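Engineer: Structure here, sequence nowhere to be found:
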Ligand SMILES: C[C@H](CCC(=O)NCCS(=O)(=O)O)[C@H]1CC[C@H]2[C@@H]3CC[C@@H]4C[C@H](O)CC[C@]4(C)[C@H]3C[C@H](O)[C@]12C
């Protein structure tokens, strides 16, 4: 399972948790403006917007999981198993392979508005990257500081939804996730008022009772509601440090601890990494399961006119600051 969220203070932040039982081997990867993209069905794109994000690099190709471009457009792919259906390539259409979707959009669009135009023409196809890396069943959140959308390709075609909550998890399809928020409309960060019965006396014996009933388990629908409530009620200062710190707390509300989600005998899904990108400044912050210290890579700290991918391995292992 995975969870993605957006957050606006002074700047606009976008990030995700990546939950799985193993890592594909990910690196913070910067694709500079002159790295040539050879699209399987669409030919080459030699110069484009620069991109930073988390990717598995295979054969010098950045297979992005989540990324942001230099214009502040952000995009993440999350599992959508059993629902994602890709098309066959068709003559005369803009055929883009599922693993090329993030590069295709982020290399050419500066906003969600522009993305909508590009999506109108796209035919998302199931062409696999390689035999070892067959196509992944995903859906996507695409966001800039003005709006967010969700893209889902299903057996009845491609759906593009406005995403007013700025959150995405996994199954069920997005419309159902949004509908289920209706179940939680009574929840509040304030202490509850007695609307149960004026014939009874109640005792708010604990703080936080206004949100009693907010799910806390790790299912995708529960994480959707939990992170939506946390994000929509989130309150923080607007400085970079306060915003980044708060963002990690928002995604921390759906963190997966080893042991709580068993996917096979003795195999557990965990939050492998959590990311938070300042989309205005092109800074990619992250923590990993073993390393709670926030590390960061600044896209603009690099020469973005280069041709070669720039990769930073994840800093793993707990970084403990000894005080004596
Ligand atoms: C496993 C992850 C989703 C985690 C998740 O959501 N877990 C919930 C499980 S569940 O929802 O409960 O079932 C997803 C998210 C992004 C994916 C990569 C996207 C690029 C590339 C696409 C290629 O075609 C195949 C290889 C490739 C590297 C992909 C590997 C893997 O698929 C990644 C990491």
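Structural biologist: Received it, and whenever you're ready, just let me know what you need. Please read these numbers as outputs of a predicted model, since none were measured by experiment. Numbers count the residues shown, from 1 in each chain.
Engineer: Which residue is the nearest non-sequential neighbour of residue 286?
Structural biologist: Leaving aside its sequence neighbours, residue 286 sits nearest to residue 275 (Cβ to Cβ, 6 or more residues apart in numbering; 4.6 Å). Any C-beta I mention is one placed from the backbone N, CA and C, and that applies to glycine too.
Engineer: In the stretch 151-300 of the chain, which residue sits nearest the ligand?
Structural biologist: residue 170 (3.7 Å; Cβ to the nearest ligand atom).
Engineer: ok, that residue - how many residues close by?
Structural biologist: By other Cβ atoms under 10 Å, the residues close to residue 170 number 23.
Engineer: And for residue 175?
Structural biologist: 12.
Engineer: which SS class is it?
Structural biologist: Of the three states, residue 175 takes helix under DSSP: H, G, I helix; E, B strand; the rest coil.
Engineer: For the residue nearest to it when sequence neighbours are not counted, give me its contacts.
Structural biologist: Among residues not flanking residue 175 along the chain, residue 161 sits closest, at 6.8 Å (Cβ to Cβ, 6+ apart). Residues near residue 161 by Cβ atoms under 8 Å, 6 or more residues apart in numbering: 149, 150, 151, 152, 174, 175, 178.
Engineer: Can you tell me which of the residues you listed end up in strands?
Structural biologist: Counting by DSSP state E, the contacts of residue 161 place 149, 150, 151, 152 in strands.
Engineer: For the third one, which residues are in contact?
Structural biologist: The contact partners of residue 151, taken as Cβ under 8 Å, 6+ apart, are 119, 139, 140, 142, 158, 159, 160, 161.
Engineer: if we go to 10 Å?
Structural biologist: Counting by Cβ atoms under 10 Å, 6 or more residues apart in numbering, residue 151 touches 75, 77, 101, 105, 115, 119, 122, 124, 138-142, 158-161, 163, 168, 174.
Engineer: And residue 95, which helix or strand is it part of?
Structural biologist: Assigned by DSSP states H and E, residue 95 belongs to strand 94-97.
Engineer: right, is that strand up against the ligand?
Structural biologist: No - with Cβ under 6 Å from any ligand atom as the criterion, the ligand is not reached by strand 94-97; the gap is at least 7.9 Å.
Engineer: List buried residues within the contacts of residue 161.
Structural biologist: Buried by 16 or more other Cβ atoms under 10 Å: 149, 150, 151, 152, 174, 178, out of the contacts of residue 161.
Engineer: just checking, residue 290 touches residue 318?
Structural biologist: Yes - counting by Cβ atoms under 10 Å, residue 318 is a contact partner of residue 290 at 5.7 Å.
Engineer: Neighbour count: the two, which is higher?
Structural biologist: Comparing residue 290 with residue 318 by other Cβ under 10 Å, the one with more neighbours is residue 290, at 14 against 10.
Engineer: ok, that one to residue 82 distance?
Structural biologist: For residue 290, the distance to residue 82 (Cβ to Cβ, to the nearest Å) stands at 31 Å.
Engineer: try residue 254
Structural biologist: For residue 254 relative to residue 82 (Cβ to Cβ), the value is 21 Å.
Engineer: what does residue 291 give?
Structural biologist: 33 Å.
Engineer: between the two, which one's more packed in?
Structural biologist: residue 291 (17 against 10).
Engineer: list the contacts for that one?
Structural biologist: 273, 314, 315, 316, 317, 318, 319, 320.
Engineer: now do residue 20
Structural biologist: 1, 2, 79, 256, 263, 269, 270, 271, 272, 273.
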